[in-house]
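Novice: here is the input, now give the coordinates:
(2 chains)
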Amino acid sequence: MAEPFLRVEGLTKSYGARAALRRAGFVLEKGRMLGLVGASGSGKSTLARCLAGFERPDEGSMRLDGKVLGGQAPAPQVQLIFQEAAASLNPRFRAEEIVSEPLEIRRRGTPALRRKMAAEWLEMVGIARAASAKPALAFSGGERQRLAIARALAAEPQLLIVDESLSGLDVMLQAQIAALLADLRRRLDLTCILISHDLGLAARLADEIAVMDSGEIVEHAPVEQAMGSPRHPRTRELVEANRLLALAPEGAA
Amino acid sequence: MRYVLRRILHGSLLLTGVSVLTFAFTQLAPGDYYSEMRVDPTVAPETVDALRHRAGLDRPWPVRYAAWAGSVLKGDFGYSLAYGEPVAPLVRERLGATLLLAGTATLAAWLLAIPLGICYATRRGWQEALAGAATAVLLIIPDLLLALVALLAAVETRWFPAGGMASADGSSMGVAARMEDVARHLVLPAGVLAIGMLPMLLRHVRAAMRDAMDSGFARSARAQGIPPLRLLVRHLLPAAANPLVSLFGLSLGGLLSASLLVEVIMGWPGLGPLLVDAIMARDMAVVLAVALLAAAFLIVGNLAADLLLYRLDPRIRAGK
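Specialist: Residues are numbered from 1 along each chain as shown, chains lettered A, B, ... in the order given. Down below sits the predicted model:
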């Protein structure tokens, strides 16, 4: 049997006496999107930080495309888009500099070619070429999300992790960024993990759902199965909560 | 340009305010330059009155302030009763020595503080605790004690001259030898001043670097796989620069006042001894000139820091 593209096994991480991850594990095939859902404090972001190399797990292993993850430094092949996109962009940098920096550190082409590539990435996420000379702080919240996505993509990641990045946005922006992610995924054949406490959003974008509870992955199933016939009580609670939220308000036409 | 002009106008108004207040405060001090003559039985009270009248000290203080301000605008900065000449040349000949000493010490302190502060910011555990204890000890040692220890060491070891700015035979030396002689005299007072400044600067550099290191964009830059040196130069140092530039402006502003005590103790012929002598003799024109000059340096230092911040930080240019 072929090795899955991403394999996470027995991941354990504690902060003092508090266990953030308890033998968490899952597999993900190339080009698939996993929706990682769970309540606040269930260990989703800790798992993301371990994958991206910001945290070292106490135990367990992570393999991406056959290579072991989890060294001392962040792994550039795993790109994490943070929840606070505005804070993750250097306010002194122009949009073009933000996106071309990952290209520069990988020594991709000449400076002129890198500028061209940066402009192309920016266009791909819906930022006009003309805006590439503007500083990061001149962009709106949604545009900064797009900038963060463009920068992550410019790093040519094997795995893209979107950590609650849609949570702080208003509904219109959330829909726009969700559509952008779906479009990029299709065009670039990206392997993604979408971290969200919103099961409905994750179900709309992802192929598979993994539910976390107290540091464990308690259920991992295709979206249809997780939403249609959830097995674990925590998943059932989330599906029920999502169903209640999706109901039209009383009296609405 | 409008910003600069506005700041220059503000600075001028502030300087005028400082001059009025300083002048008023000097008038609150009891006595004047001729007070000691009154207790001298060989000098007749009428003579003292005549001298005070000739110096204009019997006029109301607003009138004297106006006369002094006119003299400042003319470039004389008042008239020293002790030296019997305008203050400007007295200050000018000592200003260079003070700027040489304080400038060298400030430069040395910053050149040490930036790399050490960066190193300090990146250390955790016992190394951080040790550095914290060392800076705390340095912070509580007064410059006075440091200067005395340095003088004692100079006398004991004879490695460096103990006091003054040049050797007795300095005037007969060639240019290179004179420069070397001044440099040797500079080592101890500049070293004492730099050590005095260092712990405060170190703590500021560390705090600014820690803030930058903990910022979201630094974390994100690390996620990009940006190498440590590039992360430091392109991201962290510019982000840490704002509070440090403001502090540097204060350092520039404090150039005149920072070294006064050390100058007096270590016999450096700068503004310090001139100011102490003027205070003791109640030669208020000299005191006022030095105070006004120190205030002007502070205003110019702050203006330079603000302009530098305006140049360095796009958020300030954008008014955010």
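
Novice: what does whichever strand or helix holds B:Pro62 rub up against?
Specialist: Element membership for B:Pro62, per DSSP states H and E: helix B:61-74. Identification of contacts with helix B:61-74 by C-beta atoms under 8 Å, 6 or more residues apart in numbering or on different chains yields B:19-20, B:23-24, B:27, B:56-57, B:59, B:77-79, B:86, B:285, B:288-289, B:292. No exception for glycine: its C-beta is placed from N, CA and C like everyone else's.

Novice: 10 Å - rerun?
Specialist: By C-beta atoms under 10 Å, 6 or more residues apart in numbering or on different chains, the residues outside helix B:61-74 that reach it are B:15-16, B:19-20, B:22-24, B:26-28, B:55-60, B:76-79, B:86-88, B:284-285, B:288-289, B:292.

Novice: can you give me the helices in the stretch 51-200 of chain A?
Specialist: A:85-88, A:95-105, A:111-124, A:141-154, A:171-188, A:199-205 (DSSP state H, counting those that start in this stretch).

Novice: buried residues in the third one?
Specialist: Neighbour counts over helix A:111-124 (16 or more other C-beta atoms under 10 Å in any protein chain shown) mark A:Arg114, A:Arg115, A:Met117, A:Ala118, A:Ala119, A:Trp121, A:Leu122, A:Met124 as buried.

Novice: OK, contacts around the last one?
Specialist: The neighbours of A:Met124, taking C-beta under 10 Å, 6+ apart as the test, are A:Arg146, A:Ile149, A:Ala150, A:Leu153, A:Ala154, A:Leu180, A:Asp183, A:Leu184, A:Arg187, A:Leu188.

Novice: my guess is B:Gly103 meets B:Leu252, correct?
Specialist: Yes - using C-beta atoms under 10 Å, B:Gly103 is in contact with B:Leu252, at 9.1 Å.

Novice: neighbour count: the two, which is higher?
Specialist: Per other C-beta atoms under 10 Å in any protein chain shown, whichever of B:Gly103 and B:Leu252 has more neighbours is B:Leu252, with 20 against 16.

Novice: just to be sure, that one is in a helix?
Specialist: Yes - counting by DSSP: H, G, I helix; E, B strand; the rest coil, B:Leu252 is part of a helix.

Novice: any idea how far it is from chain A?
Specialist: Plainly put, B:Leu252 is 23 Å away from chain A if you go by C-beta to the nearest C-beta, to the nearest Å.

Novice: verify the stated contact: that residue with B:Ala296.
Specialist: No - using C-beta under 10 Å, B:Leu252 is not in contact with B:Ala296, being 11.4 Å away.

Novice: contacts only, for the residue nearest the centre of chain A.
Specialist: Nearest to the mean C-alpha position of chain A, by C-alpha atoms, centre = their mean, lies A:Val162 at 1.6 Å. By C-beta under 10 Å, 6+ apart, the contact list for A:Val162 reads A:33, A:35-36, A:48, A:79-83, A:145, A:148-149, A:152, A:177-178, A:181, A:192-196, A:205.

Novice: which of these are close to chain B?
Specialist: Restricting those to those touching chain B (C-beta under 10 Å from any C-beta of the partner chain) yields A:Gln79, A:Leu80, A:Ile81, A:Phe82, A:Gln83, A:Ala148, A:Ala152.

Novice: which of the residues you listed lies closest to chain B?
Specialist: A:Leu80 (5.4 Å; C-beta to the nearest C-beta).

Novice: look up the closest residue to the closest one, ignoring the ones flanking it.
Specialist: Spatially, and ignoring its direct neighbours in sequence, A:Leu80 is nearest to A:Ala52 (4.1 Å; C-beta to C-beta, 6 or more residues apart in numbering or on different chains).

Novice: neighbours around that neighbour, how many?
Specialist: 23.

Novice: surely it and A:Leu159 touch.
Specialist: Yes - at 8.7 Å, A:Ala52 counts as touching A:Leu159 under the criterion of C-beta under 10 Å.

Novice: wait, what's in contact with the residue of the stretch 101-250 of chain A at minimum distance from chain B?
Specialist: In the stretch 101-250 of chain A, no residue comes nearer to chain B than A:Pro135, which is 4.7 Å away by C-beta to the nearest C-beta. A:Pro135 is in contact with A:89-95, A:97-98, B:314-315, B:317-318, B:320, counting by C-beta under 10 Å, 6+ apart.

Novice: got the contacts of A:Met124 as CSV, with neighbour count, distance to B:Pro189 and pLDDT columns?
Specialist: Output for these, formatted as CSV (neighbours: other C-beta atoms under 10 Å in any protein chain shown; distance: C-beta to C-beta, whole Å; pLDDT from 0 to 100):
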residue, neighbour count, distance to B:Pro189, pLDDT
A:Arg146, 23, 57, 87
A:Ile149, 26, 57, 87
A:Ala150, 25, 55, 88
A:Leu153, 20, 58, 86
A:Ala154, 26, 54, 86
A:Leu180, 17, 64, 83
A:Asp183, 13, 68, 83
A:Leu184, 18, 64, 83
A:Arg187, 9, 68, 83
A:Leu188, 15, 65, 82
